[in-house]
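Peer 1: could you look at this predicted model? Sequence included:
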Amino acid sequence: MPQWDLARSDVVLVMGSNMAENHPIAFRFAMQAKLRGATLIHVDPRFTRTSAMCDIYAPIRAGTDIAFLGGIIHYLLENDLWFREWAIPYTNIATIIEDGFAGPEGDGTFSGWNKEETRYSTETWQYKGLTVPSPLAEAWMETGGDFAERVSHMRDGPPPRDETLQHPNCVYQIMRRHFARYTPEMVERITGCPRDLFIKVCEAMARNSGRERTGAICYAVGWNHHTVGAQIIRAGAILMGLLGNVGRPGAGMLALRGHTSIQGSTDIATLYDMLPGYLPQPHALRPHGTLEEYLKVETAPTGWWAEFPKYAVSLLRAYYGGEASEANGWGYDWLARIVGDHSMLPISLAMDNGVIRGLFVMGQNPAVGGSNSKLVQRGLAKLDWLVVRDIAETDTATFWRDGHLIRDGEMRPEEIGTEVFLMPGALSGEKAGSFTNTHRLVQWHDKVVDAPGDSTSELWFVDELGRRIRKLYAGSTRPEDKAILNLRWNYPRDEEDEPDAEAVLCEINGYRCADGKLLSDFKDLKEDGSTACGTWIYLGVFPEPGKNLARSRKADGPEGPGTHLGWGFAWPANRRTLNNRASADPDGRPWSERKKLITWDEEKSEWSGPDVPDFPKDKRPDFEPDWSKKPKGMEAHSGSDPFIMIADGRAALFSPSGMKDGPLPEHYESVETPATNPLHPGMSSSPAAKRWDQHDNRLAPPADPRYPHMLTTFRLTEHHSGGTPTRIVTTTAELQPEMFCEIPVELAGRIGIRMGDWVVLSTERGEIETRAMVTSRLRPFRLPDGRECHQLALPWHFGWSGFATGDVANVLTAVVGDANTGMHENKSLACALRPGRLSRVQRPRREAT
Amino acid sequence: MPRRTIPDRAAEFLREWSVPRQMAGQDHRREAAEAAMARSGRPRTEKADSVGTSICPYCAVGCAQLIYAKDRRPIAVEGDPASPINQGTLCPKGAATMGLMTSPMRLDRVLHRAPHATEWREVSLDWAMDRIAHLTKQTRDESFVGDAPDGTRLNHTMAIGSLGGATLDNEENYLIKKLFTGGLGMVFVENQARV
């Protein structure tokens, strides 16, 4: 949802985020909603300024979000407070699931758990008699037999449904059974949130749902940073699905994120598993051998992803230009194949284990931001070479001089053989280009000033590196060098020798190969190799020469519709609210005048409204697929199936495919926790979580008495992620000059710690020292077994570089990840605390110059 | 400027003090609230010889900024009042953008630390680019795997990694992925999406 649309919400639940402090400008819209009468709710382990501004603050123990959200779902289902008219046609709540499905009520695992291989097989999670392809970047999954043949039955007829919701294995009945355990009593026992407060939250969510009212959730990495992070977000999505809070004004889930183009760098993925536009990176252990096989298994038979081959072939044409031909599979063979998880956490391990020998780091600071920082630093010390590109001397660039290996006396600089380059980069304003913000809005920034000295943009660096490497490979006839030599790499440079960023955006947008004519609609992309397109979802951002819509700056006036279609470009096709077909009822009429967005105009025979419809423009609401013809793609969706990217067109309250750790969210404790899990004490944490137990990444068992406290991490208003762009700025550094640890008053009193004292925190991975901030913002909790538990909280921005310094919080955290995303778990772990300092620390030998 | 005497300063204080001005009939919300400095001061943005649109480099809210420049150096960074996101406002980080662009800690030269060295040395951009291109090729050539022993196509190197992207432009991300994965066969390519 667009951030400004929050002002139209009737309830805003902020959870897993300290929105008022970390995204103050976006929080203005929540405050505007409050002024119009909306209820604001904050659910968080810490009392923050967000809590202070909200109508309800509900404290929970870190890592118990699913228990809390599951409790709300239970409350809605048992009291029949969900938005039935919306959820029955628009979600899979009536769909019937395979007979063999079993929930985790017994031993803590869903049906399909393979203990030996520690992973699930998803056969029993499927719609009865079908295999449903996931809408994620990887459709293929391991099933018996031919995957493409199995999923092709989605074209035979609609998935089996019982709209009376009586069938014992329809999603509604499965959800009722699953969430039956999430009673208000159990919510209080697991989360520590008082029952009456919890009920207040449930009532506010339920009260603001229906034809006339909508609600929104704002979350941040307080949800992501768990081994169950993806499932927490799923729980939020299920809640929104039940309440009809998707695709409507003032409705939806807003992910608040810390980096300016984190959305753009996921869309145009600098991620190991995806090619630009959410296309899967070919995988050596999947049926991806040839382009034909890849397209066969990754193309969904029904829904919009049936268009996949057009996007894949057009990307290959953008990558390999004229060298790509039908005969060589458009160059598919030149693409790198992945063989497993090559994400951030495995990168840390691969450096430490000597697999990675050279590393580029561009605008990132893994010595501070990487989990298990000492393991990261040991890895950096094993590299042959390291290229750091940033605006200042970062902690990562100086690990060999000032890092923990030196501080703790493990190594001397003379013993570290890494060759390090530190190159100055350029900021927005010093280079031209586009960022994509968290609500998919692509916004251009001009080059206005020169970056200092030898600073260069990454655009120049990568373009120049490509040119020089290609020169080194020139003339090679080795098959492995074909990809680099065949790459289309001819970006024009301006008079200052800077590559033309607009030329790159034009390639991202797409063009006709024959004459280079820019495309304006992704429906014009072709599978026959006649079009090239770098990122299909961005098509339309540069529809004709000289028309860079990311640079468009025409906001609506006060009397305008407030969708601001003329400000920037929102992918796809400038649609501001995704799934906005759901803002109309199945017949295409608005749910209410108050919550009107897109409606069916019978006269013009098209969808219309102040937003661009996220639906085929002329598809009638009463359209029904002709199943006798085995319809394909969008022909297999009815006119009232709003979710075009999902194979059956309906929101997946129950997720048959795509999730690696269960079709429904279940409360698991974090991998390290002082608590036991009352739902299934024998299966405390998620069985599918990624664990890499090695000597320098040890994990403490649950309820380990050596680590009695819960630890969470957080961010400060004045600092940015890994800290480089604020720790070097005098104003922000002065406002938050050093590291500290928030310690509850009760705990501080018990172990004799006063405000400002030095304290040492420790986990299985290491120890850090910092100053105590004794505060009542954190309160003691009762664990499920009745014991008292304290939570500590650390800002994680600090390191040894810059004006504002402090120890690195991530020394304490572990390399352990979410089964789906490989995301680490730095928002809930177990630690020990003692007063004093680290004895072995070698005090700084030099002052910062 | 000549040193001001105590009577001068007393007179100025009385002249500028809001209370007597209000008693003399000036509106306390208008003329009487105005200080001498406000009358003589001029907005610093007036000195700019150019202004361009920018986007805040910090979080993903995407606040629009106006960068005021003189002689291709920034003199002020303000929130863009036209933006439907920030409507001219900026948070403490965004408001520090000018401080970021002009930080005394900004790096402006390429630094190189030879293996086992205890200090940086300054090198030329051209030398560094050549050396990095050479090292990249060497590491790639020593580690590249075309096919697995069973004939499965791999076409990759596991020996070179890349981190970063979420603070960079879309166009930069596009080229990073294209060169590193599409050209060189690197699989360890990641950004801050998982941090």
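Peer 2: On my side now, so go ahead.

Peer 1: C-alpha from now on. contacts and neighbour counts both.
Peer 2: OK.

Peer 1: what residues are up against A:T64?
Peer 2: Taking Cα atoms under 8 Å, 6 or more residues apart in numbering or on different chains as the contact definition, A:T64 lies against A:190-191, A:667-669.

Peer 1: is it possible to export the residues you listed to TSV including distance to A:E544, neighbour count and pLDDT?
Peer 2: Compiled in TSV, those are given as follows (distance: Cα to Cα, whole Å; neighbours: other Cα atoms under 10 Å in any protein chain shown; pLDDT from 0 to 100):
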residue	distance to A:E544	neighbour count	pLDDT
A:I190	57	30	98
A:T191	54	26	97
A:H667	51	26	98
A:Y668	51	25	98
A:E669	53	29	98
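
Peer 1: among these, which pair sits farthest apart?
Peer 2: A:T191 and A:Y668 (11.6 Å; Cα to Cα).

Peer 1: low-confidence regions, the stretch 701-849 of chain A specifically.
Peer 2: Residue ranges of the stretch 701-849 of chain A with pLDDT under 70: A:840-849.

Peer 1: got the residues of it near chain B?
Peer 2: A:717-720, A:725-726, A:728-732, A:802, A:821-824 (Cα under 8 Å from any Cα of the partner chain).

Peer 1: show me where the stretch 451-600 of chain A dips below the pLDDT cut-off.
Peer 2: Judged by pLDDT under 70, no stretch of the stretch 451-600 of chain A qualifies at all.

Peer 1: and it, which residues reach chain B?
Peer 2: So far as Cα under 8 Å from any Cα goes, the stretch 451-600 of chain A lies against chain B at A:452-455, A:458-459, A:462-466, A:468-469, A:472, A:480-481, A:483-487, A:501, A:504-505, A:508, A:534, A:553, A:555-556, A:564, A:567.

Peer 1: in strands, which of the residues you listed fall?
Peer 2: Mapping those onto strands (DSSP state E) picks out A:553, A:567.

Peer 1: on that earlier part again, can you list the contacts of A:T64 in a markdown table and add distance to chain B?
Peer 2: As requested, the contacts of A:T64 are exported to a markdown table (distance: Cα to the nearest Cα, whole Å):
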| residue | distance to chain B |
| --- | --- |
| A:I190 | 27 |
| A:T191 | 25 |
| A:H667 | 22 |
| A:Y668 | 21 |
| A:E669 | 20 |
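
Peer 1: what sits closest to B:S83 if chain neighbours are left out?
Peer 2: Leaving out its chain neighbours, the residue that sits closest to B:S83 by Cα to Cα, 6 or more residues apart in numbering or on different chains is B:A64, at 6.0 Å.

Peer 1: correct me, but that neighbour touches B:V77?
Peer 2: No: judged on Cα atoms under 8 Å, B:A64 makes no contact with B:V77 at a distance of 10.3 Å.

Peer 1: between these two, who's got more neighbours?
Peer 2: Legend: neighbour count by other Cα atoms under 10 Å in any protein chain shown for B:A64 and B:V77, higher for B:A64 (29 against 26).

Peer 1: which strands and helices lie in contact with the helix ranked longest in chain B?
Peer 2: Determined from DSSP state H, the single longest helix within chain B is helix B:125-143. Where contact means 3 or more Cα pairs under 8 Å, 6 or more residues apart in numbering or on different chains; DSSP states H and E, helix B:125-143 is packed against helix A:458-473, strand B:153-163.

Peer 1: now that helix, how far from the centre of its chain.
Peer 2: The chain centroid and the centroid of helix B:125-143 are separated by 29 Å under Cα atoms, centre = their mean, to the nearest Å.

Peer 1: check contacts around residue 61.
Peer 2: Reading this off chain A. A:44-45, A:190-193, A:781, A:791.

Peer 1: hmm, no, I was thinking of chain B.
Peer 2: A:3, A:23, A:25-26, A:256-257, A:260, A:437-439, B:85.

Peer 1: in TSV: those residues, plus neighbour count, distance to A:L525 and secondary structure.
Peer 2: What follows is the contacts of B:V61, written out as TSV (neighbours: other Cα atoms under 10 Å in any protein chain shown; distance: Cα to Cα, whole Å; DSSP: H, G, I helix; E, B strand; the rest coil):
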residue	neighbour count	distance to A:L525	secondary structure
A:Q3	25	31	helix
A:H23	21	38	coil
A:I25	22	38	helix
A:A26	23	36	helix
A:L256	24	32	coil
A:R257	22	32	coil
A:T260	26	29	coil
A:N437	26	26	coil
A:T438	25	26	coil
A:H439	22	25	coil
B:I85	22	32	coil
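
Peer 1: between the helices and strands packed on helix B:125-143, which one is nearest to A:W82?
Peer 2: Nearest of the helices and strands packed on helix B:125-143 (Cα to Cα): strand B:153-163, 43.5 Å.
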